[in-house]
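K.L.:
Sequence below, structure please.
(one chain, ligands or ions: 1)
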Amino acid sequence: MSGGIRVTVWNEGVHEKEVEEVRKLYPNGMGTQIAGYLSGKDGIATVQVSELDHKEQGLPDAVLESTDVMTWWGHTAHDKVSDENVARVHQRVLDGMGLVVLHSGHHSKIFRKLMGTSCDLKWRDIGERERIWVVDPSHPIAEGLPEYFELPRTEMYGEHFDIPQPDRQVFLSWFQGGEVFRSGCCWHRGKGKIFYFRPGHETLPIYYDENVLRVIYNAVKWAAPTGVKTVTRGNVQPLEDVK
Ligand code: ZN
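P.N.:
Residues are numbered from 1 along each chain as shown. Alright, predicted model coming up:
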């Protein structure tokens, strides 16, 4: 993109304020931690953090219209995001805004609306090891990563993950307890691109991990709007004389 990608890191921002353990890990919020990594990276023009308790839930028109890619972290307050705002984010995705959905965002209204399924999964929070395998090594979201990387302590998400078949799957996770999970998946909806990335439990230092952050950066670049700007739909005149 000419001029670089304008990123909005949407962060629910509730646990950081209410749970001491999370506040200690992310004193300025999880969103600020992610935004700090993305800021100034090659190809990124601007990064702003929006939170649920900001004006219009951090999703006013001025923000949506100036966002090329939005990342979304939510968990405990999915229901607080108004249906009206979800509909507006949904429309922006169909119009070309990229959306990178993180961890417990699998149950956000926006992700479920885009997927059309329950997006339910198995989970367990005992701090087990996760090994994240790259299963699509030529995919741009895998750029610069090793063949696999590990998180020593994570929350487990297991199959079956009730999502539509991804257009491309980039990562597959294995957990110490035995489960597996499609932990990095791509979809296209309208002109927009969506990436779901699993790691990010709020009580563990997941967004300090270099590989995790690298994936988010790669995903932002992948999800940025590309291709034709205007698409015509509906009844149209022929381009040539048709006899
Ligand atoms: Zn979690």
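K.L.:
For the ion, what's its nearest residue on the protein.
P.N.:
The minimum distance from the chain to the ion, using C-beta to the ion, falls at His201 (3.6 Å). In short, each C-beta sits where N, CA and C put it, glycine included.
K.L.:
For that residue, give me the pLDDT.
P.N.:
On pLDDT, His201 comes in at 97.
K.L.:
quick one: average pLDDT of stretch 175-188?
P.N.:
Averaging the model's pLDDT scores along stretch 175-188 yields 98.
K.L.:
what comes up buried for it?
P.N.:
Of the residues in stretch 175-188, those scored as buried under the neighbour-count criterion (16 or more other C-beta atoms under 10 Å) are Phe175, Gln176, Glu179, Phe181, Arg182, Ser183, Gly184, Cys185, Cys186, Trp187.
K.L.:
Touching, the residue of the chain closest to the ion and Thr154? I think so.
P.N.:
Yes - with contact defined as C-beta atoms under 8 Å, His201 and Thr154 form a contacting pair (6.3 Å).
K.L.:
do the longest strand seen in the chain and the ion meet at all?
P.N.:
Longest strand of the chain, by residue count under DSSP state E: strand 122-134. No - on the criterion C-beta under 5 Å from the ion, strand 122-134 is out of touch with the ion, staying 6.9 Å away.
K.L.:
can you list contacts of that strand?
P.N.:
In this structure, residues lying in contact with strand 122-134 by C-beta atoms under 8 Å, 6 or more residues apart in numbering are 142, 145-160, 170-177, 179, 183-184, 199, 201, 204, 211.
K.L.:
same question, stretch 150-157
P.N.:
Counting contacts by C-beta under 8 Å, 6+ apart, the residues outside stretch 150-157 that touch it are 106, 121-132, 173, 175, 177, 179, 181, 183, 198-199, 201, 204, 206, 209, 212.
K.L.:
What subset of the residues you listed is buried?
P.N.:
Taking 16+ other C-beta under 10 Å as the criterion, what is buried in these is 106, 121, 128, 130, 132, 173, 175, 179, 181, 183, 198-199, 201, 204, 206, 209, 212.
K.L.:
Does anything pack onto the longest helix along the chain? Which helices or strands?
P.N.:
Longest among the helix segments of the chain by residue count, using DSSP state H, is helix 210-223. Judged by 3 or more C-beta pairs under 8 Å, 6 or more residues apart in numbering; DSSP states H and E, the packing partners of helix 210-223 are strand 5-11, helix 30-38, strand 69-73, strand 98-102, strand 192-197.
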